[in-house]
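Colleague: whatever this is, show me its structure:
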Amino acid sequence: MKKLKKLSLKQMEKEMPVLNKGAQEKLSGGYQNDCFWRCVSYLEGGGGTEINAEYWADQYYNYALSCSGITASDYYNNNAEGAEMYTSDIQNYTSFRTDNGTYSYSDITASGYIGMFNTADNVGSYANTGTRHAIVITCVNPNDTADYYDPQLNISGTLSASDLGKIDRAMY
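Modeller: Okay, the predicted model is just below:
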């Protein structure tokens, strides 16, 4: 039987890979504020899981940042807001998808659309964090209420007509 030797921390650092904080957070579920990407993943058939959301974010950010020498994971791991999307980012993402032929408003199906709202507007039962949040509006009902699914929180429900009026259509 082979005898194992004790290594000092310095020796271990030389022999083992060292991950920066961003990479460590990503490996342990630190991919945060990704509600928009989870909605994209859900509508693209990926179920809205974290891994599929990360795929869509990586695809876009690697393209968008290609001239800057920054990788997608570097961008959102070093960004205090994680993979959060701002309105201008969503517009750029829609343009990117349209330009490369993978998205068109004429392709809208019954699967719904991404709606964004400020939680400070007291939409549904969402906690007021003062941040914007994205959900999938799955169906607008004849009485102007809307059914929704939130792939980040894995919840669904129906929004009142008043709440629906506080939601901006972002995509699809």
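Colleague: helices along this structure, start to end?
Modeller: Counting by DSSP state H, the chain has these helices, from start to end: 9-15, 21-27, 35-43, 50-64, 72-78, 87-99, 161-164.
Colleague: just checking, what packs against the third one?
Modeller: What that stands for is helix 35-43. Packed against helix 35-43 by the contact rule (3 or more CB pairs under 8 Å, 6 or more residues apart in numbering; DSSP states H and E) you find helix 50-64, strand 113-118, strand 132-140, strand 168-171. The C-beta positions use only the backbone N, C-alpha and C, and glycine is treated the same way.
Colleague: what is the mean pLDDT for it?
Modeller: This predicted structure assigns helix 35-43 an average pLDDT of 88.
Colleague: between helix 87-99 and that helix, find me the angle.
Modeller: 30 degrees (axes from the mean of the first three to the mean of the last three CA atoms, to 10 degrees).
Colleague: any low-confidence regions in this protein?
Modeller: Low-confidence segments of the chain (pLDDT under 70): 1-33, 66-87, 101-111.
Colleague: returning to that earlier point: turn the helices and strands packed on helix 35-43 into a markdown table, including distance to residue 155.
Modeller: Output for the helices and strands packed on helix 35-43, formatted as a markdown table (distance: least, CB to CB, whole Å):
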| stretch | distance to residue 155 |
| --- | --- |
| helix 50-64 | 16 |
| strand 113-118 | 14 |
| strand 132-140 | 9 |
| strand 168-171 | 19 |
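Colleague: redo the ones you listed as a markdown table? Include distance to residue 94 and mean neighbour count.
Modeller: Below are the helices and strands packed on helix 35-43 laid out as a markdown table (distance: least, CB to CB, whole Å; neighbours: other CB atoms under 10 Å):
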| stretch | distance to residue 94 | mean neighbour count |
| --- | --- | --- |
| helix 50-64 | 10 | 18 |
| strand 113-118 | 10 | 20 |
| strand 132-140 | 13 | 21 |
| strand 168-171 | 6 | 17 |
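Colleague: closest one to residue 35 among these?
Modeller: Across those, the minimum distance to residue 35, taken as CB to CB, is reached by strand 132-140, at 4.3 Å.
Colleague: the closest one pairs with which strands, and in what direction?
Modeller: In the sheet containing strand 132-140, its partner strands are strand 113-118 (antiparallel), strand 146-150 (antiparallel), by DSSP bridges.
Colleague: out of those strands, which comes closest to residue 125?
Modeller: Taking CB to CB as the criterion, residue 125 comes closest to strand 146-150 out of those, the separation being 10.7 Å.
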